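# Pasting a predicted model and its sequence here:
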Amino acid sequence: MDKIEVTLYVNNKKETLQVDPTERLLDTLRNRLKLTSVKEGCDVGECGACTVILNGEAVHSCLVLTAQVDGYEIFTTEGLEVNGKLDPLQQSFIDHQAVQCGFCTPGMLMSAKALLNKNPNPSREEIKTAIEGNLCRCTGYQQIVEAIESVTQDKKG
Amino acid sequence: MIEYDFLTAKDVDAALEYLHKYESIKVIAGGTDLLVDIHKESSRLEKFDYILDISNIKALQFIDETEDSVELGPLCTHTMLINSKIINKYFPFLVTAAKSIGSTQIRNRGTVGGNISNASPAADLIPPLMALNAEIELSSVNGRRLIPLDNYIVGPYKTSKNHDELVTKILIPKVDENYRFSFQKIGRRRALNIARLNLAVAAKINKKDLKIEDIRIVPGSATPFPVRFKNIEMEILNKKSNELNLEELAKKIGDEMVNITGERWSTPYKKPALGAIFKKAIIEITNSSDSDSH
Ligand SMILES: Cc1cc2nc3c(=O)[nH]c(=O)nc-3n(C[C@H](O)[C@H](O)[C@H](O)COP(=O)(O)OP(=O)(O)OC[C@H]3O[C@@H](n4cnc5c(N)ncnc54)[C@H](O)[C@@H]3O)c2cc1C
Ligand code: FES
Ligand code: FES
């Protein structure tokens, strides 16, 4: 198996790597770049714990080969925090007790962030649709939806 | 673990050259079907030595309108269909179908070309595209051919594509404004123990006398692979929409399914369920046709 050279822009940092053809974006982010917010859950696109933002869109990093995304921009939860300050979305998750065991949280944050980047003022329905691919075994979703809702443009300020 | 080498193509010609050169090669687009199969080492996967990534071929991602048709690039994602003005205008039930697929992450990454080429009996875009008489353009280094989607899907997870061919276009003929559409679906993929079903219906209803001048009925997950239920279509054709006996038709469509598949473990569930969504579809279509004429 020949290795493939790829350049990724991860949380605004350029990374050039040699990857195996079978390496998933999930493996690259977790194992090589040590971005362990990206969680490994089901490995088949059903739990959403591995969600990252790829060129602006929320996707499952367990279902993308790293070799496919040469030159792409990737955001993980590590990229939300700027200069030690939490993103308003992260703060809101804490304030609304939307984090319990925390396993689903990074993926949830990425789905929510991708939505808010495109649509700063989503409806409750749109929020629910955006996170329908993120399973949470702990919270019952109510607190999560409220946490996201409270940082939409209407609710801010 | 399944091992392979990775090839990538930035344009169609390069992809076709690879497909011509190597026999044991598997195309990857969004990867949402293929990478699951690889991860699970699915017995459906034939052995392959190379994966050919086409996901970065920009020229295969378009939604265009010509005078008589709408043309889709195979790399259109489900999200692109949902957001497309053209698709919303001409084929709204394709939007309904795309919205029902997986989750936001899957819709952002999964493609139309992948959905039809994987040829799952449950694929949600196949029934509406079949009801629209969509045609598939297959390209190879030797040229291009256009075949009806009905001839592309030839079995469960089986297409009539040659190993050196690539889907390069999906062509959907436009229909006149008297056509009405419905897409119905029950069951979710995650709930694997619940048998799921979907159904696409397209019908042309004469506004003056409500006569059904054309009808195309394609259930998904009901048969080993989606096919038009022509016997049921014949029962309905040229009748008036307000005179249909829905109870009787619902029973007949269930019987037709069993005629094709024989009795299965899922039959007691699927037979009445198919009848029920069929009734819903016909009611939806005839209601929307009525409201136009007022
Ligand atoms: C959690 C989850 C939920 C899902 N839910 C649904 C659902 O509700 N409904 C549904 O219909 N599907 C669902 N799917 C299946 C899948 O997402 C779709 O079928 C998707 O459209 C496949 O597209 P892809 O680009 O990811 O295909 P890939 O995985 O890249 O490819 C699939 C197959 O098509 C072939 N192929 C792809 N493009 C071409 C081309 N241009 N020419 C020739 N061959 C090609 C590949 O070689 C492969 O055999 C789900 C999948 C997951 C993981
Ligand atoms: S690990 Fe990717 S969706 Fe579960
Ligand atoms: S907080 Fe535990 S899974 Fe969501």
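Arrived safely. Ligands and ions are numbered 1, 2, ... in the order given.
# which element is B:Val27 on?
Taking DSSP states H and E as the definition, B:Val27 sits inside strand B:25-28.
# Pull the residues that contact that strand.
By C-beta atoms under 8 Å, 6 or more residues apart in numbering or on different chains, the list of residues contacting strand B:25-28 from outside reads A:65, A:68, B:4, B:7, B:15, B:18-19, B:34-35, B:45, B:48-55, B:117, B:163, B:166. Where you see a C-beta, it was placed from the backbone N, CA and C, and this is true even at glycine.
# for stretch B:38-58, same thing?
Counting by C-beta under 8 Å, 6+ apart, A:21-22, A:43-44, A:62, A:65, A:67-68, A:70, B:2, B:4-12, B:15, B:18-19, B:22, B:24-31, B:36-37, B:60, B:75, B:157, B:166 sit against stretch B:38-58.
# can I see the domain layout of the chain?
In the absence of a named chain, this looks at chain A. For chain A, the TED database gives the domain ranges A:4-77, A:88-150.
# wait, I meant chain B there
Following the TED database, one finds the domains of chain B at B:5-53, B:58-173, B:179-287.
# Take these and lay them out in JSON lines including distance to ligand 2.
Listed next are the domains of chain B as JSON lines, based on distance: least, C-beta to the nearest ligand atom, whole Å:
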{"stretch": "domain B:5-53", "distance to ligand 2": "10"}
{"stretch": "domain B:58-173", "distance to ligand 2": "7"}
{"stretch": "domain B:179-287", "distance to ligand 2": "11"}
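# export stretch B:274-282 as CSV, just CAs?
Extracted C-alpha coordinates of stretch B:274-282, given in CSV (Å, rounded to 0.1, in the frame of the first residue of the first chain):
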residue,chain,number,x,y,z
LEU,B,274,-47.4,-0.5,1.7
GLY,B,275,-51.2,-0.3,1.2
ALA,B,276,-51.4,2.5,3.8
ILE,B,277,-48.6,4.6,2.3
PHE,B,278,-50.0,4.1,-1.1
LYS,B,279,-53.4,5.4,0.0
LYS,B,280,-51.7,8.4,1.5
ALA,B,281,-49.8,9.1,-1.7
ILE,B,282,-52.9,8.9,-3.9
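# May I have the strand holding B:Val27 as PDB, with CA atoms only?
Presented in PDB, the C-alpha positions along strand B:25-28 are these (Å, rounded to 0.1, in the frame of the first residue of the first chain):
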ATOM      1  CA  ILE B  25     -11.000  -1.100  -8.900                       C
ATOM      2  CA  LYS B  26     -13.700   0.400  -6.800                       C
ATOM      3  CA  VAL B  27     -15.000   4.000  -7.200                       C
ATOM      4  CA  ILE B  28     -15.500   6.100  -4.100                       C
END
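# can you give me the strands in the chain?
Using chain A. Using DSSP state E, the strands of chain A run over residues A:4-10, A:13-19, A:51-54, A:57-60, A:73-75.
# The chain in question should be chain B.
Under DSSP E, chain B gives strands at B:5-8, B:25-28, B:50-53, B:63-65, B:69-72, B:135-140, B:143-148, B:153-155, B:158-159, B:166-173, B:179-186, B:197-205, B:212-220.
# which other helices and strands contact the last one?
Yep, that's strand B:212-220 we're talking about. Strand B:212-220 is packed against helix B:126-131, strand B:197-205, helix B:230-236, helix B:246-261, helix B:267-293, with contacts defined by 3 or more C-beta pairs under 8 Å, 6 or more residues apart in numbering or on different chains; DSSP states H and E.
# So, low pLDDT: which residues of chain B?
B:188-195, B:289-294 (pLDDT under 70).
# Single out the residue in it that lies closest to ligand 1.
B:Gly114 (2.2 Å; C-beta to the nearest ligand atom).
# For the closest residue to that residue other than its chain neighbours, give me its contacts.
Excluding the flanking residues, the one nearest B:Gly114 by C-beta to C-beta, 6 or more residues apart in numbering or on different chains is B:Ala29, at 4.4 Å. B:Ala29 is in contact with B:54-55, B:74-75, B:111, B:113-114, counting by C-beta under 8 Å, 6+ apart.
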